[in-house]
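> Quick one, what's the 3D model for this:
(one chain, ligands or ions: 1)
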Amino acid sequence: MAREPIVTGPSAADLRNVSELSALAALEVVGDEVDRALRPQRIRDMVGQGEVVARLEIALDASRKRSEILGHMLFDGPPGLGKTTLAMAIPREMGVGFQIASGAALQAPKDLIPYLTNAEENSVLFIDEIHRLPKIVEEFLYPAMEDFRIDITLGDGMNARTINMSLRPFTLIGATTRAGLISAPLRDRFVMREHLEFYTLEELAEIIRRNARKLNTEIADEACHEIATRSRGTPRLANNRLRWVRDYATSKADGRVTLPVADAALKMQAIDKLGLDGQDRKYLETIARTFHGGPVGVEAIAHTMNLPPDTLVDEVEPFLLRAGLVIRTPRGRKVTSAGYIHLGLEEPEEPAQGNLF
Ligand code: ADP
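Model prediction:
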């Protein structure tokens with residue numbers, strides 16, 4: 001599940017260039033052409049997340065009516081659910097500038113300084129994967145968020161001196177797949193904190209229907225539902241599956257996406273009826289076969305699968321947990337009866353209880 005390319009860690013010069021572009025042009029730097037065509041541009045174009053959208057619209061409206069800056073916001077939830085889309089739609093709604101950075105690329109305060117000093121008045125600074133900011137950068141951010149000022153240390157040793165620099169007021173939008181890793185002091189500095197949930201089948205089917213129209217692709221209603229069912233509640237996957245099914249329809253059929261075409265295309269990618277791909281099934285099978293159903297720690301599973309534990313925690317587990325195929329216990333992950341049924345494996349008579357004696 002490759003993430004879209006995101007502009008990260010530009011030099012001060014790059015940033016000056018970005019800030020010279022209009023807000024809209026700066027928003028065009030994320031994703032490839034089709035991604036950009038499919039990404040909702042305005043909040044009202046977004047499907048689902050009704051309660052989050054309703055609260056955001058109130059915050060935006062109030063900020064506009066009072067001519068006050070929008071408070072800092074934090075979006076959390078699994079990848080591909082619309083955190084970046086929301087963060088990009090907000091400056092469009094407000095008609096303000098936008099910069100985008102990634103927590104992973106901001107490893108020292110000096111990496112953050114150009115973003116803060118380049119931020120136009122009332123503009124939005126979006127930091128993706130904000131849980132990856134090191135503590136030193138996080139602490140540097142506190143006065144910037146609270147009082148729009150930063151303390152910069154110049155020189156070192158005996159000659160070191162700190163200058164206090166004021167910034168133009170800006171709104172920070174943070175996104176994270178790991179709300180639990182955000183420290184309490186950082187979390188508390190966000191006025192709004194919104195959790196994005198997986199989408200319903202109807203919402204995903206609607207996204208697929210709209211996007212097929214944008215891609216000039218004829219699609220049957222049952223095919224929309226089939227792709228939705230096999231997209232793990234995630235718009236990014238729904239879009240990726242739609243793009244693949246559309247290619248398949250063009251190459252192997254007459255270009256129209258019917259139910260049999262969608263089914264054959266998804267089967268060819270080894271996406272099963274629940275939407276799990278090879279990696280998801282391998283995860284379940286590793287617990288079921290290698291670790292006798294669990295409980296087993298995520299590090300051990302990751303090690304066996306030769307993957308970073310973060311990939312499992314961020315990308316694989318959220319949907320499997322929600323689908324009830326696996327559970328988390330204090331002693332690790334366990335495959336559920338539903339998980340065994342889905343894999344077509346027989347559940348052990350006595351699920352491993354960790355009986356050491
Ligand atoms: P995240 O930042 O949470 O990983 P993104 O905002 O990048 O996810 O969303 C991935 C893609 O899914 C977007 O490019 C967009 O096309 C689509 N998408 C996300 N949320 C919605 C939505 N509510 N309605 C329609 N499409 C959406």
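
> Going by C-alpha atoms from here, please, whenever you check contacts or count neighbours.
OK.

> C-alpha coordinates for stretch 274-291, CSV please?
Extracted C-alpha coordinates of stretch 274-291, given in CSV (Å, rounded to 0.1, in the frame of the first residue of the first chain):
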residue,chain,number,x,y,z
LEU,A,274,-13.6,-9.2,2.5
GLY,A,275,-11.0,-7.0,0.7
LEU,A,276,-8.0,-8.6,2.3
ASP,A,277,-4.9,-8.7,0.2
GLY,A,278,-2.0,-11.2,0.3
GLN,A,279,-0.3,-9.3,3.1
ASP,A,280,-3.4,-9.2,5.3
ARG,A,281,-3.9,-13.0,4.9
LYS,A,282,-0.2,-13.7,5.5
TYR,A,283,-0.5,-11.8,8.8
LEU,A,284,-3.5,-13.9,9.9
GLU,A,285,-1.9,-17.1,8.7
THR,A,286,1.4,-16.3,10.5
ILE,A,287,-0.5,-16.0,13.8
ALA,A,288,-2.7,-19.0,13.1
ARG,A,289,0.0,-21.4,11.8
THR,A,290,3.4,-20.2,13.1
PHE,A,291,2.1,-19.0,16.5
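
> so for it, what's the average pLDDT?
Per-region confidence: stretch 274-291 scores 97 on mean pLDDT.

> Give me the buried positions along it.
Using 16 or more other Cα atoms under 10 Å as the test for burial, stretch 274-291 gives 274-277, 280-288, 291.

> Report the distance from it to the chain centre.
22 Å (Cα atoms, centre = their mean, to the nearest Å).

> what's next to that stretch, contact-wise?
Here stretch 274-291 makes contact (Cα atoms under 8 Å, 6 or more residues apart in numbering) with 229-232, 269-271, 293-294, 296, 301, 304-305, 316, 320, 326, 333-335, 339-340, 343.

> What about these, which are in strands?
V326, R333, K334, V335 (DSSP state E).

> Hmm, the first one is touching V335, no?
Yes. Shown here, V326 and V335 form a contact pair, counting by Cα atoms under 8 Å, at 4.4 Å.

> Show me which residues of the stretch 51-200 of the chain are close to the ligand?
Proximity of the stretch 51-200 of the chain to the ligand, by Cα under 6 Å from any ligand atom, involves residues P79, G80, L81, G82, K83, T84, T85.

> which residues touch T176?
Applying Cα under 8 Å, 6+ apart, we find T176 in contact with L74, F75, D76, G77, D128, E129, I130, H131.

> Make TSV from the buried residues of stretch 274-291 and add distance to the ligand to it.
Below are these laid out as TSV (distance: Cα to the nearest ligand atom, whole Å):
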residue	distance to the ligand
L274	19
G275	16
L276	18
D277	18
D280	18
R281	22
K282	23
Y283	21
L284	23
E285	26
T286	26
I287	27
A288	29
F291	31
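
> before we move on, the earlier item: okay, V326 and V335: which has more neighbours?
Between V326 and V335, V335 has the larger neighbour count (other Cα atoms under 10 Å), namely 28 against 25.

> what's the spacing between the more buried one and L276?
15 Å (Cα to Cα, to the nearest Å).

> would you say A101 is within a helix?
No. Under DSSP: H, G, I helix; E, B strand; the rest coil, A101 falls outside any helix and is assigned strand.

> how close does it sit to the ligand?
12 Å (Cα to the nearest ligand atom, to the nearest Å).

> swap in A264?
23 Å.

> Next, count neighbours for that residue.
A264 has 15 nearby residues by other Cα under 10 Å.

> one step back: report the buried members of the contacts of stretch 274-291.
Going by neighbour count (16+ other Cα under 10 Å), the contacts of stretch 274-291 have 229-232, 271, 293-294, 296, 301, 316, 320, 326, 333-335, 339-340 buried.

> CA atoms of stretch 307-319 as CSV?
C-alpha atoms of stretch 307-319 as CSV (Å, rounded to 0.1, in the frame of the first residue of the first chain):
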residue,chain,number,x,y,z
LEU,A,307,8.2,-6.4,7.8
PRO,A,308,8.5,-3.4,10.1
PRO,A,309,6.1,-3.7,13.1
ASP,A,310,4.8,-0.1,12.2
THR,A,311,3.5,-1.4,8.9
LEU,A,312,1.5,-4.0,10.7
VAL,A,313,0.2,-1.7,13.4
ASP,A,314,-0.6,1.2,11.0
GLU,A,315,-1.8,-0.5,7.8
VAL,A,316,-2.7,-4.1,8.4
GLU,A,317,-4.2,-4.5,11.9
PRO,A,318,-6.8,-1.7,12.1
PHE,A,319,-9.1,-3.2,9.6
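
> Let me see the mean pLDDT of that stretch.
Mean predicted lDDT for stretch 307-319 stands at 96.

> Now do the same contact list for the spatially most central residue of the chain.
Residue closest to the mean C-alpha point of the chain, counted by Cα atoms, centre = their mean, is P79 at 3.1 Å. By Cα under 8 Å, 6+ apart, the residues touching P79 are T177, D314, E315.

> Now with 7 Å, please.
Contacts for P79 (Cα atoms under 7 Å, 6 or more residues apart in numbering) come out as T177, E315.
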